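[1] Give me the fold of what follows.
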Amino acid sequence: MQILLVAVGKRMPQWVTEAYDGYARRMPRHCSLKLVEINSGKRGKNADIRRINKEEGERLLEAIPAGSRVIALERTGKEKSTEQLAASMEKWLEGGQDVVLLVGGPEGLSQPCINRADECWSLSKMTLAHPLVRVVLAEQLYRGWSIIANLPYHRGE
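    The predicted model follows:
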């Protein structure tokens with residue numbers, strides 16, 4: 001099984017890349033985490049934001065491998081605890097199906113991306129900067145794995 005984090009944006013600050021890579025490297029081979037970056041649209045003073053969001057969504061959808069379980073990350077989605085994430089990850093491992101986590105750009109995901117998703121999750125009711133979402137997701141996936149593997153990283157109740 002592989003977890004693909006398909007996210008809009010290619011030029012992230014160094015701290016984002018280093019933090020994401022640090023957690024992704026800790027994941028085991030049979031539950032690997034791979035980042036697929038999608039070109040973001042050019043946003044300027046007179047940019048057509050609706051068109052940009054639509055085009056980004058099309059590129060995100062094109063990056064989804066056939067047969068994958070798709071989870072859209074959206075502020076209005078369902079919140080999960082770390083323990084619930086670990087339980088989901090166990091089911092993914094048992095099923096062997098690849099999982100795709102979709103992360104939109106500054107305006108979020110297009111409606112077709114949300115419609116394509118098997119589930120819609122929220123990391124917080126607050127709006128998070130999309131580069132930060134990569135780091136939070138990678139850390140939480142590693143934390144979920146540490147629960148499954150009974151590693152001391154997670155110090156939950």
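[2] most residues in a single strand of this structure, which one?
    As assigned by DSSP state E, the longest strand anywhere in the chain is strand 69-79.
[3] who's in contact with residue 72?
    102, 109, 113, 114, 116, 117, 119, 120, 121 (CB atoms under 8 Å, 6 or more residues apart in numbering). From N, CA and C alone the C-beta is placed, and that goes for glycine too.
[4] Give the closest residue to it in space, chain neighbours not counted.
    Distance criterion CB to CB, 6 or more residues apart in numbering; nearest residue to residue 72, sequence neighbours excluded, is residue 117 at 3.7 Å.
[5] just checking, the one you found touches residue 71?
    Yes: assessed by CB atoms under 8 Å, residue 117 is found in contact with residue 71 at 6.0 Å.
[6] Same question for the longest strand of the chain: list its buried residues.
    Buried residues in strand 69-79, counted by 16 or more other CB atoms under 10 Å: 69, 70, 71, 72, 73, 74, 77.
[7] tell me the two of those that are most distant?
    Distance extremes for those: the farthest pair is 69 and 74 at 16.0 Å, using CB to CB.
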